[in-house]
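Novice: Mind folding the following:
(one chain, ligands or ions: 1)
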Amino acid sequence: MTLVSLESLVPSDHIVRLMEKHIDFSFIDKRTQGLYSTKGRPSVAPQVLIRMILIGYLHGITSERRLCQEVHLNLAYRWFCGLSLEDKVPHHSTFSKNRHGRFAGTALFRELFYEIVQQALDKGLVRGKHLSTDATLIEADAAMHSLEPIVVYCEKEAYWQQLDEESCNEPEEQQADSNSDSYDASEKKGPINQTQRSRTDPDSRVATRWGAKHRLAYSGNYLTDNANNLIIDVEVTSPSLTDECLSSVEMLKRSQFRFGLNPEDIGADSAYACGEVLTGFMKAGVDAYTPRPQEVPRSKMPQYGKDRFKYDENNDQLICPQGHPLRKVEDKSKPRLVKYVASEKHCRDCPLKEHCTQGRRRTVQLHVDQKALDWAEGLRNSSEYKISQVMRRRIERLFGEAKEQMGLRRARRRGLEQVQEQCLMTAMAQNIKRIVKLSIPNDLFAVKLRLSSNKSSVLKALLIDFRQRGMRILPRLSIFNQSTFRLAVCA
Ligand code: SF4
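Specialist: Below you'll find the model as predicted:
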């Protein structure tokens, strides 16, 4: 008879062995302690349950029935979950039972994710100085034909009163249009997300962006640390640009509060260059590096830009290049814009009129968060801006990995809470993979260098030297030009 031990069958370089070596999983017991009763028949151990879920995310096993089969058959998975060859693998219904019972309404998965981030911080893999943020669409587990109109129950009198109020508030031009023959009732419907909901997943919303096919979706938002591209916060929102952008400010504040981070800057794409978000970053004391949003076509722009007009703080008005005031005018249809108008009399006789406006008088529209927009514009000329823009694109790799290898392309279950869990566990699995990789000593990460041949020889010598000293080189080199290349080295 041959005796076989499970311990001897799992190779030393297998991912589960490395995870066990470099990650401390004792936090699972600590975080789930309060959720389990000490009386009655013992439940499936939380260590087994969470480790099995983690295996599912690491290997993109989206079905819980299949996950149980895989753990039953795979010796390495058994070993990682602490199950012997004789132990029975928990039934697949245990997962949904716990999800809808014990874990429902708790922040367990967020806490588990933060524990891994804390371990990365303790190991010095998260620096918290330079951050990036971005979002990706997660297709909801619901079809478009599940959409149905939102029915709001209302008393007859209240409904008539509401209609009266709406018609009073309607702009005059619109009222005139509605009386004309060309009036189209369908235009009054408003955006689809305000009038319709999915019957099967009411938390999902129709994503209508980028000219892509309309579909029900969620948005997964990541906040990452540039040093090692580790994810430090996750949020799931509706697939609206406003919600995505505002969630980045939330994530930033949360990471400052939770981990005591003191970031210097954050990089994002041009969608985040809106006043409200930039004001949030500015108030948090973090430099925001965002590309300029798409500009209005040149032909529609006046010849003198907004920068030629000085703001008079005492009188809340603008002063034009000729020294005349532009008074503030309220426009209720555009609450986030402040309009300043010049006097027709001044503009008519002005020698600069042909350089300033083609109309009868000049109008300048400023955003209510104009201060933040100007602040972000000033940051676009710095060299840090260029670095940040290169670094922020690395989030796409994380999204690619999450979607291609871990099943984040489509929501596994329905409801915001369930998608939040999926996103947090995916990010946790990605972080664990990265921490394991970065914790292997004497590891030199490959860098694509775009340098001339004479520089390459110098660099080659440096790389050998760093390798001998067990140092890592961060992939920042390609963003510097050939004459000013610098090495970002961490011990
Ligand atoms: S055109 Fe009007 S707003 Fe422009 S510089 Fe002349 S007076 Fe000022």
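
Novice: tell me which residues in stretch 382-392 are buried?
Specialist: 385, 387, 388, 389, 390, 391, 392 (16 or more other Cβ atoms under 10 Å). C-beta here means a position set from N, CA and C on the backbone, and glycine is covered the same way.

Novice: Name the residues that touch it?
Specialist: If you take Cβ atoms under 8 Å, 6 or more residues apart in numbering as the criterion, stretch 382-392 is touched by 130, 132-134, 226, 265-269, 287, 289, 291, 379, 476, 478-479.

Novice: Checking the residue minimising distance to the centre of the chain next. Helix, strand or coil?
Specialist: In the chain, the residue lying closest to the centroid (Cα atoms, centre = their mean) is residue 221, at 2.3 Å. The three-state label given to residue 221 by DSSP: H, G, I helix; E, B strand; the rest coil is strand.

Novice: Quick check: it vs the ligand, distance?
Specialist: Shown here: residue 221 relative to the ligand, a distance of 42 Å by Cβ to the nearest ligand atom, to the nearest Å.

Novice: Wait, that residue touches residue 237, no?
Specialist: Yes. With contacts defined as Cβ atoms under 8 Å, residue 221 counts as touching residue 237 at a distance of 6.3 Å.

Novice: Give the residues shared as contacts by those two.
Specialist: Residues touching both residue 221 and residue 237 by Cβ under 8 Å, 6+ apart: 135, 244, 247.

Novice: In strands, which of the residues you listed appear?
Specialist: Under the assignment DSSP state E, the shared contacts of residue 221 and residue 237 contribute residue 135 to strands.

Novice: Nearest to residue 194 among the shared contacts of residue 221 and residue 237?
Specialist: Within the shared contacts of residue 221 and residue 237, proximity to residue 194 (Cβ to Cβ) peaks at residue 244, which comes in at 17.9 Å.

Novice: In contact with that closest one, which residues?
Specialist: Residue 244 sits next to 135, 219, 221, 237, 271 when contact means Cβ under 8 Å, 6+ apart.

Novice: which one of these has the most neighbours?
Specialist: Most neighbours among the contacts of residue 244, by other Cβ atoms under 10 Å: residue 135, with 26 neighbours.

Novice: State the distance from that residue to residue 126.
Specialist: Separation of residue 135 from residue 126 (Cβ to Cβ, to the nearest Å): 20 Å.

Novice: how many other residues sit next to residue 77?
Specialist: Residues within reach of residue 77, counting by other Cβ under 10 Å, total 23.

Novice: Walk me through the domains of the chain.
Specialist: 6-106, 114-142+211-292+380-436, 306-371, 441-490 (automatic domain parsing).

Novice: For those domains, state which one has the densest average packing.
Specialist: Looking across the domains of the chain with neighbours counted as mean count of other Cβ atoms under 10 Å, the highest average goes to domain 114-142+211-292+380-436: a mean of 20.

Novice: separation between residue 261 and the ligand?
Specialist: Residue 261 sits 46 Å away from the ligand, going by Cβ to the nearest ligand atom.

Novice: Checking that residue next. Helix, strand or coil?
Specialist: Assigned by three-state DSSP, the conformation of residue 261 is coil.

Novice: what's around the closest residue to residue 278 other than its chain neighbours, how many residues?
Specialist: Take residue 278 and drop its neighbours on the chain: the residue closest to it by Cβ to Cβ, 6 or more residues apart in numbering is residue 372, 3.8 Å away. Residues lying near residue 372 (other Cβ under 10 Å) number 22.
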